[in-house]
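Q: what's the 3D shape of this:
(chains A and B)
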Amino acid sequence: MEALETFIVESSVKEEGDAYKSIVADIITELVLGGAIGRIKVVVRPEDSLFQMAVLLRGSQPTVKISDMGTVEVGSSVKKEIKISIEQEKYLPELLEKLWARYGRTKVYQPERRTLVVNAQDMDAELDQLKELVVADPRKTLQSRLVEMAIRATPEGFRVRYHSIDDNVFVFAASEDILKPEWIQQAQQIAKELREAK
Amino acid sequence: MSAILEPYIYEGGIHKHTLITELLEDLGGYLIQKVPAATEVTLVMLIPRDDVHLIEELGKKLLGDLTRAPLTGTEIAVVSPTLASHHLPHSACDVAEYMRRGGANTNMIGLARGMGRRVSLSANYERRLINEHDLAVFSFGTFSDCIRNKKPKLLEGVDIPKIVTGGPSDLKTRDIPNADLYVGGVGRVAHRMRKSGELDSLDVLLEKVIEVVEKMREDLSKDPLAVLPARVMKEIHEQIPEIFDVYSPAPVTLQLDGLRVKLPYDKFHEKVEKLEFDEGLKLLDMADITPSKMKNYILVKIKRESEVGFTA
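A: Okay, the predicted model is just below:
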């Protein structure tokens, strides 16, 4: 599935659907969801105060370990230092948070932008553990970003919401009034159509 | 009646800009707002019509620009249904910026419960706050159904001219109950308005607002104010020195028929009431002075000639 291979926004009036598409597109850009979403369809019916959205995600990304973003090696066995050389800076803030929590701020140095030095007692054991340390879980942040996107994309007054995340399918419906069961079914149906589309 | 004053904005370097303000004072014009920003300065002023060329020539010498700003001396409320990220900062702030480019002072007002269709409503306090302005620009979003059928209830109770903006460009003013004017192409967007189509709609909006203000000025001139708001401002600057300790960008904000003085009402309303004019008049003789709904400010609404019997 290509990124955003299907991107449909429908409304009762066609021009308004197009205008709303630009809003949804902006929100997807803002939350950097473009790469994660495969197919998306939004239906807005202002006369019924109804907003429905179905999103098909492109396969979920694996967790990021330190070994994925750089190399862990012995810096100095005399000083008991482990050296981490970073190749991908994207998750560096998360990594620093994790290391600080584990060793304390005084034991973690950053002599240079892409190098971290950790002061550890049991070098060998720590070395192996560090290599496998999970730095970030894109799936978790993806979920929260998806929910954020749904809330931002909904017209503001539509505070009654339904959502479900199942495998790679995110279904969302919102209204100002009580959500009718058939509206939720319709949203599920939209998701089904997206999944079956070629 | 004094000379006819024309509104202008001067933008130029801060170096020697006092030459302009001095000349303006000599000509009998009024400096309404001065916004210094690092090495640049923006002067909003009222210049006597026959002497505009003098300021223009001096401005050219100082390598600055003098442009006409028809909205000078107006205070405009830019009202959005709420202050949530759905409505702000984009589009509402762009609208406000365009109004300011026309010379207006703007206030952004986000209603507490304006969102939605069935549930949207405005409070008495909010309506009174909006009514303190010269005119209000409302943004009603993308959907014509909402603009026509649901949102206009936010306009009820607002007596000043109400300009409604929204996405659809095929709507007419008469489709929207209570609205005085509808301008399309300014709907909800989640990005800064910078595409040519969007900027065009903002230009159209500014033009229409200017038309409305010109009409209001014309109506006003039939039964003129007892005293010019700009003159009251000048007297406040001379007689109430505490105004210079106020850090708002516009400590005295001019309106078409009055002004907002950003000093605490309890402490200063008597001083404002007793403001003296050369003719031996006090401001209280010519204006209603009330507490403003905005913070603890003082609101001055100047009476008309027909009511007072003279113009100062």
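Q: CA only for contacts and neighbour counts going forward, please
A: Fine.
Q: let me see the domain layout of chain A.
A: A:6-60+A:138-196, A:64-136 (automatic domain parsing).
Q: residue B:221: which of these is closest?
A: The stretch from the domains of chain A with the least distance to residue B:221 (CA to CA) is domain A:6-60+A:138-196; that distance is 42.3 Å.
Q: secondary structure element for residue A:16?
A: Applying DSSP states H and E as the criterion places residue A:16 in helix A:14-30.
Q: and that helix, does that touch chain B?
A: Yes. Using CA under 8 Å from any CA of the partner chain, helix A:14-30 reaches chain B at A:15, A:16, A:19, A:20, A:22, A:23, A:26, A:27.
Q: what's the pLDDT at the third one?
A: In this model, residue A:19 is scored at 91, pLDDT.
Q: let me see the contact set for the nearest residue in space to residue A:28 that is not next to it in sequence.
A: The shortest distance from residue A:28 to any residue other than its chain neighbours is 5.9 Å, reached at residue A:34 (CA to CA, 6 or more residues apart in numbering or on different chains). Taking CA atoms under 8 Å, 6 or more residues apart in numbering or on different chains, we find residue A:34 in contact with A:3, A:4, A:28.
Q: who's in contact with the first one?
A: Pointing back at residue A:3 there. Residues near residue A:3 by CA under 8 Å, 6+ apart: A:34, A:35, A:36, A:37, A:38, A:39, A:58.
Q: what's the pLDDT at it?
A: The predicted local distance difference test score for residue A:3 is 85.
Q: please apply the same query to the last one.
A: Residue A:28 is assigned a predicted lDDT (pLDDT) of 93.
Q: circling back to that earlier point, which one, of the domains of chain A, ends up nearest to residue B:123?
A: Of all the domains of chain A, the one in closest proximity to residue B:123, counting by CA to CA, is domain A:6-60+A:138-196 (16.7 Å).
Q: pull the CA atoms of stretch A:59-79 into PDB?
A: Extracted in PDB, the C-alpha atoms of stretch A:59-79 (Å, rounded to 0.1, in the frame of the first residue of the first chain):
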ATOM      1  CA  GLY A  59       1.800  -1.900   8.400                       C
ATOM      2  CA  SER A  60       3.000  -0.900  11.800                       C
ATOM      3  CA  GLN A  61       6.600   0.100  12.400                       C
ATOM      4  CA  PRO A  62       8.800  -2.000  14.600                       C
ATOM      5  CA  THR A  63      10.200  -0.700  17.900                       C
ATOM      6  CA  VAL A  64      13.400   1.200  17.800                       C
ATOM      7  CA  LYS A  65      16.400  -0.200  19.800                       C
ATOM      8  CA  ILE A  66      19.700   1.500  20.400                       C
ATOM      9  CA  SER A  67      21.300  -0.900  18.000                       C
ATOM     10  CA  ASP A  68      19.000   0.400  15.300                       C
ATOM     11  CA  MET A  69      20.000   3.900  15.700                       C
ATOM     12  CA  GLY A  70      23.800   3.600  16.400                       C
ATOM     13  CA  THR A  71      26.500   1.300  17.700                       C
ATOM     14  CA  VAL A  72      27.300   0.400  21.300                       C
ATOM     15  CA  GLU A  73      30.900  -0.400  22.200                       C
ATOM     16  CA  VAL A  74      33.400  -0.300  24.900                       C
ATOM     17  CA  GLY A  75      34.800   3.200  25.300                       C
ATOM     18  CA  SER A  76      37.400   2.600  27.900                       C
ATOM     19  CA  SER A  77      37.600  -0.500  30.000                       C
ATOM     20  CA  VAL A  78      39.800   1.200  32.500                       C
ATOM     21  CA  LYS A  79      37.400   4.000  33.200                       C
END
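Q: list the buried residues in it.
A: Taking 16 or more other CA atoms under 10 Å in any protein chain shown as the neighbour-count basis, stretch A:59-79 is seen to contain the buried residues A:64, A:65, A:66, A:67, A:69, A:70, A:72, A:73, A:75.
Q: the nearest residue to residue A:85 once chain neighbours are set aside pairs with what?
A: Using CA to CA, 6+ apart and skipping the chain neighbours, the partner closest in space to residue A:85 is residue A:115 (4.7 Å). According to DSSP bridges, residue A:85, residue A:112 are recorded as the beta-bridge partners of residue A:115.
Q: residue A:115 touches residue A:83, doesn't it?
A: Yes. A contact is recorded between residue A:115 and residue A:83 when judged using CA atoms under 8 Å, the distance being 7.1 Å.
Q: distance of the residue nearest the centre of chain A from residue B:311?
A: By CA atoms, centre = their mean, the mean C-alpha position of chain A lies nearest to residue A:142, the distance being 1.7 Å. Separation of residue A:142 from residue B:311 (CA to CA, to the nearest Å): 67 Å.
Q: equivalent analysis for residue B:42, please.
A: Using CA to CA, one gets 31 Å for the distance from residue B:42 to residue B:311.
Q: how about residue B:78?
A: The gap separating residue B:78 from residue B:311 is 32 Å, by CA to CA.
Q: with neighbour numbers in mind, choose between the two.
A: The residue with the greater number of neighbours, taking residue B:78 and residue B:311 and applying other CA atoms under 10 Å in any protein chain shown, is residue B:78; the counts read 23 against 15.
Q: just to revisit the earlier point, mind checking pLDDT for the residue nearest to residue A:85?
A: For residue A:115, the pLDDT comes out at 92.
Q: what's the burial count for it?
A: Other residues near residue A:115 number 15, with proximity taken as other CA under 10 Å.
Q: so what's it up against?
A: Taking CA under 8 Å, 6+ apart as the criterion, residue A:115 is in contact with A:83, A:84, A:85, A:86.
Q: cutoff 10 Å now
A: Under the criterion of CA atoms under 10 Å, 6 or more residues apart in numbering or on different chains, the contact list for residue A:115 reads A:70, A:71, A:83, A:84, A:85, A:86, A:87, A:109.
Q: quick one: it from chain B, how far?
A: 37 Å (CA to the nearest CA, to the nearest Å).
Q: my guess is residue B:211 meets residue B:70, correct?
A: Yes. Residue B:211 is within contact range of residue B:70, at 9.4 Å (criterion: CA atoms under 10 Å).
Q: between those two, which has more neighbouring residues?
A: Comparing residue B:211 with residue B:70 by other CA under 10 Å, the one with more neighbours is residue B:70, at 21 against 14.
Q: check what pLDDT that one gets.
A: Each residue has a pLDDT score; the one for residue B:70 is 93.
Q: tell me where the chain has strands.
A: Went with chain A since none was named. When secondary structure is read from DSSP state E, chain A shows strands at A:6-11, A:37-45, A:50-57, A:64-65, A:70-76, A:81-86, A:108-112, A:115-119, A:134-136, A:160-166, A:169-175.
Q: my question was about chain B, not that one.
A: Assigned strands in chain B, in chain order: B:5-13, B:30-37, B:40-48, B:65-68, B:75-80, B:105-110, B:135-139, B:162-165, B:181-183, B:252-255, B:258-261, B:287-291, B:298-302 (criterion: DSSP E).
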